[in-house]
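Q: Structure for the following, please:
(one chain, ligands or ions: 2)
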Amino acid sequence: MSSFKNVEDSRTKYVGNFIRESDFLVVLTGAGVSAESGIPTFRGADGLWRKYSPHQLATYEAFMKNPNLVWEWYSWRREKIKSAEPNPAHISIAKLEKVKEKFWLITQNVDGLHRKAGSQKIIEFHGNIWKEKCISCDFKRESYEIYKDELPKCPNCKNLLRPDVVWFGEPIDPDILHMSFDLVKGADCVLVVGTSGVVYPFAGLIEFSIKSRKKVVEINLEPTPFSDLCYISLQGKAGEILPQILNYIVQ
Ligand code: BJW
Ligand code: ZN
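A: Residues are numbered from 1 along each chain as shown. Ligands and ions are numbered 1, 2, ... in the order given. Here you go, the predicted structure:
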């Protein structure tokens, strides 16, 4: 056991060293980063998609068919997220931004915990659970409401407001998509944390990074479709591994 630990230590040290030496670091994150804050992931043993159907909750068609059900689910998640705090993984990523001159974070998470931890150079690829938009006009707003009976309506056109997140079958905002690919193109090191890597086009950012021979480091509890293709894949909790790596970067 202790020799296994030494191997792991030398790998985190190695990763820490080349992240420190890297010119431009891009971090890509998924639900696993927030798991240690008590926010459920989507896939895996306790994942949301084990209990709920993505087709009934995370598509525009589902929302139009049963907006009450979809808002109930998002209100439940808002309650959970409201009381959650960033964990050592979010905090380490925010600290990386402070020490790396060229840095960007691209997250699939809608929970806002990266910002709460202090991250600023951040792209929220799938939107934000605290934002709402009208289904008909351009109206958007930030809201911390938990909806029980009455659903939110647009003050301009009186149509329904929906969570400003990206559901299955919906395109990513083109500006966000282009900026994300441009950032990854410019990076020499890409750190991929806590994502199953199965949802596209986000997974395309990982695929592209590997194909263009960037130093791709993955941190995940379990193997993913990209684990064998990465430069280094570290298996374990992001909230434990990231602070260890950071120790070798900030001395
Ligand atoms: C830990 C840990 C710890 C746990 N430490 N690790 C190409 C091929 C096949 C299909 C497609 C394709 N291109 C597009 C598609 C369709 C679809 C798709 O990808 N489907 C696949 C699932 C098959 N994609 C789309 O529909 C996208 N839109 C699109 O392509 O539009 C095209 C278009 C163009 C023009 C016009 C119209 C359309 C949109 C995808 C939107 C995804 N939305 C969701 C919901 C967001 C809102 C919300 O949160 O409610 O995004 S679904 C859900 O999955 C959420 C997540 O962001 C996303 C990714 O999940 P993530 O983050 O990876 O979480 P998990 O749970 O999967 O994994 C967690 C990981 O953490 C695991 O690996 C654990 O091991 C690990 N872990 N604890 C470290 N402590
Ligand atoms: Zn409207």
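
Q: which helices and strands does the helix or strand hosting residue 16 pack with?
A: Residue 16 belongs to helix 2-21 when assigned by DSSP states H and E. Under the contact criterion of 3 or more CB pairs under 8 Å, 6 or more residues apart in numbering; DSSP states H and E, helix 2-21 touches strand 189-193, strand 215-220, strand 232-235, helix 238-249. Heads up, the C-betas are built off the backbone N, CA and C, glycines and all.

Q: Following the chain past that helix, name the next helix or strand.
A: Proceeding N to C from helix 2-21, the next assigned helix or strand is strand 25-29, under DSSP H and E.

Q: tell me how far that following strand is from the chain's mean position?
A: 10 Å (CA atoms, centre = their mean, to the nearest Å).

Q: With only the CA atoms kept, save it in CSV.
A: Extracted in CSV, the C-alpha atoms of strand 25-29 (Å, rounded to 0.1, in the frame of the first residue of the first chain):
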residue,chain,number,x,y,z
LEU,A,25,-3.4,25.9,-19.0
VAL,A,26,-7.1,25.1,-19.8
VAL,A,27,-9.1,23.3,-17.2
LEU,A,28,-12.2,21.3,-18.3
THR,A,29,-14.6,20.3,-15.6
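
Q: From residue 55, how far off is the residue nearest to residue 24 when sequence neighbours are not counted?
A: Excluding the flanking residues, the one nearest residue 24 by CB to CB, 6 or more residues apart in numbering is residue 102, at 4.0 Å. To residue 55, residue 102 is 40 Å away according to CB to CB, to the nearest Å.

Q: returning to that earlier point: would a markdown table of the helices and strands packed on helix 2-21 with mean neighbour count, distance to ligand 2 and mean pLDDT be doable?
A: Converted to a markdown table, these look like this (neighbours: other CB atoms under 10 Å; distance: least, CB to the ion, whole Å; pLDDT from 0 to 100):
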| stretch | mean neighbour count | distance to ligand 2 | mean pLDDT |
| --- | --- | --- | --- |
| strand 189-193 | 25 | 37 | 98 |
| strand 215-220 | 24 | 40 | 98 |
| strand 232-235 | 17 | 46 | 96 |
| helix 238-249 | 20 | 39 | 96 |
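
Q: Could I get the ones you listed in a markdown table, plus columns for distance to ligand 1?
A: A markdown table is the format used below for these (distance: least, CB to the nearest ligand atom, whole Å):
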| stretch | distance to ligand 1 |
| --- | --- |
| strand 189-193 | 6 |
| strand 215-220 | 4 |
| strand 232-235 | 9 |
| helix 238-249 | 4 |
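
Q: Same list, those, but as CSV with distance to residue 145 please.
A: Below are the helices and strands packed on helix 2-21 laid out as CSV (distance: least, CB to CB, whole Å):
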stretch, distance to residue 145
strand 189-193, 31
strand 215-220, 34
strand 232-235, 39
helix 238-249, 30
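
Q: Any idea how many residues pack against residue 56?
A: 15 (other CB atoms under 10 Å).

Q: Also residue 22?
A: Other residues close to residue 22 by other CB under 10 Å number 20.

Q: who's the residue nearest to it when sequence neighbours are not counted bridged to?
A: Spatial nearest neighbour of residue 22, excluding adjacent residues (CB to CB, 6+ apart): residue 189 at 3.8 Å. Counting by DSSP bridges, residue 189 forms beta bridges with residue 25, residue 215.

Q: Isn't residue 189 up against residue 19?
A: Yes - using CB atoms under 8 Å, residue 189 is in contact with residue 19, at 6.0 Å.

Q: what do those two both touch?
A: 25, 217 (CB atoms under 8 Å, 6 or more residues apart in numbering).

Q: In the sheet, which strands lie alongside the lengthiest strand in the chain, parallel or antiparallel?
A: Scanning the chain for the strand with the most residues, using DSSP state E, yields strand 127-134. Counting by DSSP bridges, the strands paired with strand 127-134 are strand 140-142 (antiparallel), strand 161-165 (antiparallel).

Q: re earlier: dump the residue contacts of the residue nearest to residue 22.
A: 18, 19, 22, 23, 24, 25, 26, 214, 215, 216, 217.
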